[in-house]
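Participant: Let me see the structure of the following:
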Amino acid sequence: MKKKFNTIAVIGNSKKFIKVIKKKYTFKKIDIYEWRKIDKYSKIKKKYHLIFICGFDFSVFLSSKKMFIEKNIERPLNLIKKISNNNSKIIYINTKIRNNSRYTFSRYKYAKQKLAFLISKNFKRYLILNTDLIFINNQISINSGGLSKLIFRIFVFFDLIKTININNVFNDLSKKLNFKICTKQINIVGYFLWLPRTQFIDRIARLIFG
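Facilitator: Numbers count the residues shown, from 1 in each chain. You can find the predicted model right below:
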């Protein structure tokens, strides 16, 4: 049976994720807030019963650390605060944290886990799902070029990267939608995040160094 929510907000504009959300939940209204346009929603006054966060701005890997943090941590957190109230339920799709590591050399991992930590500090009713690399219709769900996707497929083949099907992600969520268990999150520390890099190099740094 589908879980019912009157209003749903999705922060992130992955069409594949949005399609599954619409399929899995019953709702009266759903609004999509594009990750790269978060700063344009400063005057929004709506409040939502369910807030689903599943985005990331990959365009700022070569930008300054300040800009990277602003677009992938500070702005999303401020939007969540703006569109939520004490009754709002928050679901955040995070990256997998191996061995409860408290440090990283990866900008991506740092931003994803730091936002998870801040959600756990600022809200009472939340679910944070730490997932492996997501497969959707047998395709790797990463924002990257064809060569990078091919390399990641090779990594997957040799079991260097773990994967999970998107339906299994939502099946796992369905077991936890009572929001009774809100797991506290690690406050991660980042090293060399001031150094701009391509998305591919950031991923390699994450695989090798954590």
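Participant: export the longest helix seen in the chain as PDB, just CAs?
Facilitator: Using DSSP state H to define each element, the chain has its longest helix at helix 107-122. Output of helix 107-122 as PDB, limited to C-alpha atoms (Å, rounded to 0.1, in the frame of the first residue of the first chain):
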ATOM      1  CA  ARG A 107      34.600  17.100  -2.000                       C
ATOM      2  CA  TYR A 108      31.500  15.100  -2.900                       C
ATOM      3  CA  LYS A 109      31.700  12.800   0.100                       C
ATOM      4  CA  TYR A 110      32.300  15.800   2.400                       C
ATOM      5  CA  ALA A 111      29.400  17.800   1.100                       C
ATOM      6  CA  LYS A 112      26.900  14.800   1.200                       C
ATOM      7  CA  GLN A 113      27.900  13.800   4.700                       C
ATOM      8  CA  LYS A 114      28.100  17.300   6.100                       C
ATOM      9  CA  LEU A 115      24.600  18.000   4.900                       C
ATOM     10  CA  ALA A 116      23.400  14.700   6.500                       C
ATOM     11  CA  PHE A 117      25.000  15.700   9.800                       C
ATOM     12  CA  LEU A 118      23.400  19.200   9.700                       C
ATOM     13  CA  ILE A 119      20.000  17.700   8.900                       C
ATOM     14  CA  SER A 120      20.300  15.400  12.000                       C
ATOM     15  CA  LYS A 121      21.300  18.400  14.100                       C
ATOM     16  CA  ASN A 122      18.500  20.700  13.000                       C
END
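Participant: Might you list the low-confidence residue ranges for the protein?
Facilitator: 1, 98-100, 132-161, 163-164, 166, 174-175, 178-181 (pLDDT under 70).
Participant: Point me to the helix or strand that includes the nearest residue to Leu129 once chain neighbours are set aside.
Facilitator: Nearest residue to Leu129, sequence neighbours excluded (CB to CB, 6 or more residues apart in numbering): Ile93, at 5.7 Å. Any C-beta I mention is one placed from the backbone N, CA and C, and that applies to glycine too. Ile93 belongs to strand 89-95 when assigned by DSSP states H and E.
Participant: ok, now Phe5?
Facilitator: strand 3-11.
Participant: Enumerate the positions of that strand that are buried.
Facilitator: Along strand 3-11, these residues count as buried under the neighbour rule (16 or more other CB atoms under 10 Å): Phe5, Thr7, Ile8, Ala9, Val10, Ile11.
Participant: For the first one, give me its contacts.
Facilitator: When contacts are counted by CB atoms under 8 Å, 6 or more residues apart in numbering, Phe5 touches Tyr25, Thr26, Phe27, His49, Leu50, Lys89.
Participant: quick one: which of those is nearest Ser101?
Facilitator: Lys89 (28.0 Å; CB to CB).
Participant: picking that back up, which element is encountered next along the chain beyond the strand holding Ile93?
Facilitator: Next along the chain after strand 89-95, taking DSSP H and E as the criterion, comes strand 103-104.
Participant: still on that earlier bit, point out the other helices and strands that the strand holding Ile93 packs with.
Facilitator: If you count contacts as 3 or more CB pairs under 8 Å, 6 or more residues apart in numbering; DSSP states H and E, strand 89-95 packs onto strand 50-53, helix 107-122, strand 126-131.
Participant: got the contact list for the shortest one?
Facilitator: Contacts to strand 50-53, defined as CB under 8 Å, 6+ apart, come from residues 5, 7-12, 21, 25, 27, 76, 80, 83-84, 88-93, 115, 119.
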